[in-house]
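Participant: Let me see the structure of the following:
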Amino acid sequence: MVMMFSMQIIACTNSDVALVKSGVMSAYNKNTVGNVFEASFDEAQWQAVTTKKGERVVRFTGKISQDLHDAVVADVEQKTQALKVYQQEELKIQYIQQLVKKQGIDGALFQQLNAEYGCVLRESSLAGGVIWWTPTCQDNANWGQYLETAKQAFLAQAWQVGDTVEVEWTISADGKQFDVTQMASPSWEGLAYEHILAAIYR
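Facilitator: Numbers count the residues shown, from 1 in each chain. This is a model prediction of the structure:
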C-alpha cells in the first residue's frame, strides 16, 4: 500500500521544483525538503515532469552520502542496544531475512558465516506461507556470534554509500500541497516510507 505524506507549502512560486524544495513536511517541519535532501544525498538533482495523465511531479535523484550511511547505522546500533536480549536476537534474525533476499542462502556471505561458525540456515514456514530462515549451529555458543556478524554485514550494506535514490512528489491540482508518492533505492527494498523518511530527517 502506498502511503501518502502531505507537505505544507511555505512559499509561493511558479516553479514546481522550488515549490517542493521550499516546502516542509508536516511530520518533520524543522527544515525545508530541499535543505534536508541536499544535505543527505550526494549529486542531488531535481526535475519537474508532467505524467501522461497530466499530473505534475517533482523528481529528486541522488546518491546516499557517507554521512547519511554513518548516521543511520549509528542510530540502529543505539536503538538495538536499548532492546532486551531476545528482542535484539529477533531483530538480527530479521536482518538475516533481508540478506537472504538480496544474496540468497548460497551467497558468499552465508557460505563464509556457515563455515566460520559451524552453522547452516534452515527454512521454516510461518503463518501465511512466509518463509523464515534461522541458523542452526553445531555449537550453540556460536549462535549469538553468527547473528551479530550477520547484523554487521546487514548494516554495512544498508543505506550503502553511493546507492542511487529516486523520490517523487505529486503536486495537488490546486498547487497548495504535495505528497510523496514514490521512494526507490536498492538500499530501501522492504522498508516502509515512514522508516525511510525518519532516517533522512533524523
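Participant: for the chain, what's the longest helix?
Facilitator: Counting by DSSP state H, the longest helix found in the chain is helix 85-103.
Participant: For it, name the packing helices and strands.
Facilitator: helix 108-117, strand 131-137, helix 143-157 (3 or more C-beta pairs under 8 Å, 6 or more residues apart in numbering; DSSP states H and E). Bear in mind the C-beta positions are built from the backbone N, C-alpha and C, glycine included.
Participant: repeat that for 6 Å
Facilitator: Using 3 or more C-beta pairs under 6 Å, 6 or more residues apart in numbering; DSSP states H and E as the contact test, the elements touching helix 85-103 are strand 131-137, helix 143-157.
Participant: Minimum distance to Y95: which of those has it?
Facilitator: Smallest distance to Y95 across these (C-beta to C-beta): 3.9 Å, for helix 143-157.
Participant: ok, residues contacting the closest one?
Facilitator: Residues outside helix 143-157 that contact it (C-beta atoms under 6 Å, 6 or more residues apart in numbering) are V73, K92, Y95, I96, L99, L109, L113, Y117, C119, P135, C137.
Participant: Report the buried residues of that helix.
Facilitator: Using 16 or more other C-beta atoms under 10 Å as the test for burial, helix 143-157 gives W143, Y146, L147, T149, A150, K151, A153, F154, L155, Q157.
Participant: Kindly report the same for stretch 58-69.
Facilitator: Buried residues in stretch 58-69, counting neighbours by 16+ other C-beta under 10 Å, are found at V58, R59, F60, T61, G62, K63, I64, S65, L68, H69.
Participant: what does that stretch contact?
Facilitator: The set of residues external to stretch 58-69 that reach it, using C-beta under 6 Å, 6+ apart, is 16-17, 20, 37, 40-48, 159, 161-169.
Participant: Could I have the ChimeraX command that selects the buried members from the residues you listed?
Facilitator: Only the buried entries of these go into this ChimeraX selection, using 16+ other C-beta under 10 Å:
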select :16,17,20,37,40,41,44,46,159,163,165,167,168,169
